[in-house]
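Peer 1: fold the following, please.
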Amino acid sequence: MIYSAWIRQLQSLTIVIFTFIISAQTDVPRPRGVSLSKASLYSPTKDFTCFDGTSTIPFSYVNDDYCDCFDGSDEPGTAACLNGVFYCTNAGHRPQNIPSSRVNDGICDCCDGTDEYATPGRCSNICEELGKEARAKAQQLADLHKSGNHIRLELIEKGNKKRSEMALQLLQLEKDKAEAEIIKNEKEVLKSELEAKENEALQVYRDAEEKDRQRKAELERQQQETEASEQFARFDSNSDGVLTTDEIKVVNVFDKNKDGEVDQEEILHFFGDKDSVNMEDFMSTTWPMVKPLLMLDQGMFRPAVKEEDDEPEVDEEEETQRVEDTEDVGGDDENIEEIPHDDADEQDIEPEQSRAYDDETQKLIDEATEARRQLTDAERTVREIESNIRTFQQNLEKDYGLQQEYATLDGQCLEYEDKEYIYKLCLFQRVTQKSKNGGMEVGLGEWGEWAGREGNKYSVMKYTNGMACWNGPSRMSIVNINCGLESKLTSVTEPFRCEYKIELTTPAACDDSNLTQEATHDEL
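Peer 2: Numbers count the residues shown, from 1 in each chain. Have a look, this model is predicted:
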């Protein structure tokens, strides 16, 4: 009993002492416009030193409506200093600092009216009403954060679970990659072995084809030489082994324009700057130009035949020569009659892919083809696994908040519509805009970084490097994040050209532990 009474007396004494301290601090003398936290800097018992330390003045100069300090600290309660600060106590609401230049300017800036002390009664004290309204809003915000925080805790749990799953999947992908690379290497070795056997078998066919090609080329060369020699002999009227300009002037085939004579221009065309050509020069230079004209000439001067019975007889030797001359002439001139070739020689040359091989060679080709296909599939598998690994690594490196509360929102797309456009925000990916009248999507930015300030970097998202504006910068988007019971976009504006402002609410931002409990004022 004695101990309990002593305790009660001690508690009563503590209350009395605490009440005394409150009263003493509340009554601390301070000039008008000075907060309690700075009251000790304004002691009436000693000279006042400017906050910037530039000068010291008698305390009587404080609030004398004359600016003595460069920083305006000597005139907190007057408008004498343009850079001074006036402190509004605003009991019952939030304290407020205003520029001292607003003191006694006829406008009520402080809700308690203390900034207009020169005209008593001008301003009513409405701090209680404003404080009540502010406290109600603060309570609503607190309730919202409290309700949203339950969802946020679920998001944190899911986010951490997702991160753990991604880490495990990444480990599995690394194992899969190692196994896939082993398979790829095995397929590559098998492919090399089978291709070596395939090439060895095919080389036999290639060698045979090359010999056949060389044989045909030699036959063709010999035929060309024979044709050129025969024609040279025909044109060399004096058989002296030299073809002169006089000799070709009487040969119609050299009359290119068919005007009845071989002029100097045509001689220059066939002989160049020479007066004559020998057999060797004729074969290499003149004959390739003469042969197409000879083919045309042999069919050009036939008289028009009205009936088959009137067709003139053709000398058998000349016809044989004409056919031989025609066989080796190429070109696209539709006037050249195509002479059919003997198909017997062409059957020996076929494209490699369509050639018929013996059974053993065909088997090697099929095995090598299958090995190439399997290696291609193995390489594709490795590339796909590597792509998935990069994706998981990038996601694991992303900053999803202090407790991974934003992790489950990655890739979630939200839309907002106004009168003209549909905006889409895919979180941690991109922002786009599309006209309601159709057309392509316009990129308003790719995920960049968190850009919040004042101790909460997770309050703002920044999306950059969007599609360039016409004669302007690349588009970008700033996403302001606030607490809400669901993730949705509440507004999209363009305050500056090519810069978009998006308001987003989400339970991930509802952290009731970070709510600051605002006091009605800073006085005790």
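
Peer 1: tell me how far residue 282 lies from residue 374.
Peer 2: For residue 282, the distance to residue 374 equals 59 Å [C-beta to C-beta, to the nearest Å]. (C-beta placed from N, C-alpha, C; glycine too.)

Peer 1: ditto for residue 359
Peer 2: 22 Å.

Peer 1: which one of those two is surrounded by more residues?
Peer 2: Shown here are residue 359 and residue 374; by other C-beta atoms under 10 Å, residue 374 has more neighbours (17 against 7).

Peer 1: quick check: the more buried one touching residue 187?
Peer 2: Yes - Residue 374 lies in contact with residue 187 (C-beta atoms under 8 Å); the separation is 5.0 Å.

Peer 1: so where does residue 92 fall, helix or strand?
Peer 2: In the assignment (DSSP states H and E), residue 92 maps to no helix and no strand.

Peer 1: and residue 269, by the same measure?
Peer 2: Applying DSSP H and E, one finds residue 269 within helix 264-271.

Peer 1: so where is the stretch 1-150 of the chain shaky, pLDDT-wise?
Peer 2: Scanning the stretch 1-150 of the chain for pLDDT under 70 picks out the ranges 1-28.

Peer 1: do a quick rundown of the helices in it.
Peer 2: Along the stretch 1-150 of the chain, counting by DSSP state H, counting those that start in this stretch, helices occupy 2-26, 127-235.

Peer 1: just checking, what packs against the next helix or strand after the last one?
Peer 2: The helix or strand immediately downstream of helix 127-235 is strand 242-244, counting by DSSP H and E. Using 3 or more C-beta pairs under 8 Å, 6 or more residues apart in numbering; DSSP states H and E as the contact criterion, the neighbours of strand 242-244 among helices and strands are strand 276-278.

Peer 1: hmm, who's touching the strand it packs on?
Peer 2: Around strand 276-278, the neighbours that count as contacts under C-beta atoms under 8 Å, 6 or more residues apart in numbering are 241, 242, 243, 244, 245, 271, 285, 286.

Peer 1: swap in 10 Å and give it another go.
Peer 2: 232, 236, 240-248, 270-271, 282-287 (C-beta atoms under 10 Å, 6 or more residues apart in numbering).

Peer 1: now stretch 370-383
Peer 2: Against stretch 370-383 from outside (C-beta under 10 Å, 6+ apart): 176-177, 179-195, 198.

Peer 1: go with 8 Å
Peer 2: Outside stretch 370-383, the residues that touch it by C-beta under 8 Å, 6+ apart are 177, 180, 181, 183, 184, 187, 188, 190, 191, 194, 195.

Peer 1: related to what we said a few turns ago, buried members of the contacts of strand 276-278 into PyMOL, please.
Peer 2: Selection of the buried residues among the contacts of strand 276-278 in PyMOL, burial being defined by 16 or more other C-beta atoms under 10 Å:
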select buried, resi 232+236+242+243+244+245+247+248+270+271+282+283+286+287
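
Peer 1: correct me if wrong, but residue 432 is in a strand.
Peer 2: Yes - assessed by DSSP: H, G, I helix; E, B strand; the rest coil, residue 432 belongs to a strand.

Peer 1: in contact with it, which residues?
Peer 2: Residue 432 makes contact with 423, 424, 426, 441, 442, 443, 444 under the criterion C-beta under 8 Å, 6+ apart.

Peer 1: just give the number of residues close to the residue nearest to the fifth one when sequence neighbours are not counted.
Peer 2: If I follow you right, that is residue 442. Among residues not flanking residue 442 along the chain, residue 433 sits closest, at 4.7 Å (C-beta to C-beta, 6 or more residues apart in numbering). Residues lying near residue 433 (other C-beta under 10 Å) number 20.

Peer 1: shouldn't residue 433 be in contact with residue 441?
Peer 2: Yes - Residue 433 is within contact range of residue 441, at 7.0 Å (criterion: C-beta under 8 Å).

Peer 1: mutual contacts of these two, please.
Peer 2: Common neighbours of residue 433 and residue 441 (criterion: C-beta under 8 Å, 6+ apart): residue 424.

Peer 1: residue 133 and residue 91, how far apart?
Peer 2: Plainly put, residue 133 is 16 Å away from residue 91 if you go by C-beta to C-beta.

Peer 1: one more: residue 59?
Peer 2: Going from residue 59 to residue 91 by C-beta to C-beta gives 26 Å.

Peer 1: same thing with residue 416?
Peer 2: Distance, residue 416 to residue 91, using C-beta to C-beta: 42 Å.

Peer 1: residue 508 should be in a strand, yeah?
Peer 2: No - Residue 508 is assigned helix when assessed by three-state DSSP, not a strand.

Peer 1: please export the C-alpha coordinates of stretch 157-175 as PDB.
Peer 2: Provided in PDB are the C-alpha atoms of stretch 157-175 (Å, rounded to 0.1, in the frame of the first residue of the first chain):
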ATOM      1  CA  GLU A 157       5.100 -12.400 -51.200                       C
ATOM      2  CA  LYS A 158       4.400 -13.100 -54.800                       C
ATOM      3  CA  GLY A 159       7.200 -10.900 -56.000                       C
ATOM      4  CA  ASN A 160       9.800 -12.700 -53.900                       C
ATOM      5  CA  LYS A 161       8.400 -16.100 -54.900                       C
ATOM      6  CA  LYS A 162       8.600 -15.000 -58.600                       C
ATOM      7  CA  ARG A 163      12.200 -13.900 -58.100                       C
ATOM      8  CA  SER A 164      13.100 -17.200 -56.500                       C
ATOM      9  CA  GLU A 165      11.400 -19.100 -59.300                       C
ATOM     10  CA  MET A 166      13.300 -17.000 -61.900                       C
ATOM     11  CA  ALA A 167      16.600 -17.800 -60.100                       C
ATOM     12  CA  LEU A 168      15.800 -21.500 -60.100                       C
ATOM     13  CA  GLN A 169      14.700 -21.300 -63.800                       C
ATOM     14  CA  LEU A 170      17.900 -19.500 -64.600                       C
ATOM     15  CA  LEU A 171      20.000 -22.300 -63.000                       C
ATOM     16  CA  GLN A 172      18.000 -24.900 -64.900                       C
ATOM     17  CA  LEU A 173      18.600 -23.000 -68.200                       C
ATOM     18  CA  GLU A 174      22.300 -22.900 -67.500                       C
ATOM     19  CA  LYS A 175      22.200 -26.700 -67.100                       C
END
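
Peer 1: give me the mean pLDDT for it.
Peer 2: Stretch 157-175 shows an average pLDDT of 94 in the prediction.

Peer 1: quick check: buried residues in it?
Peer 2: 159, 160, 162, 163, 166, 170, 173.

Peer 1: what does stretch 365-376 give?
Peer 2: Residues 365, 367, 368, 371, 372, 374, 375 are the ones in stretch 365-376 that count as buried (16+ other C-beta under 10 Å).

Peer 1: over to stretch 479-491?
Peer 2: By neighbour count on 16+ other C-beta under 10 Å, the buried set for stretch 479-491 is 479, 480, 481, 483, 484, 487, 489.

Peer 1: which one is the first one nearest to, not counting chain neighbours?
Peer 2: So that's residue 479. Nearest non-adjacent residue to residue 479, counting by C-beta to C-beta, 6+ apart: residue 461, 3.9 Å away.

Peer 1: ok, now the second one?
Peer 2: Setting aside the residues directly before and after it, residue 480 is nearest to residue 503 in space (C-beta to C-beta, 6+ apart), at 5.4 Å.

Peer 1: hey, what's the one you found bridged with?
Peer 2: With DSSP bridges as the criterion, residue 503 is bridged to residue 480, residue 491.
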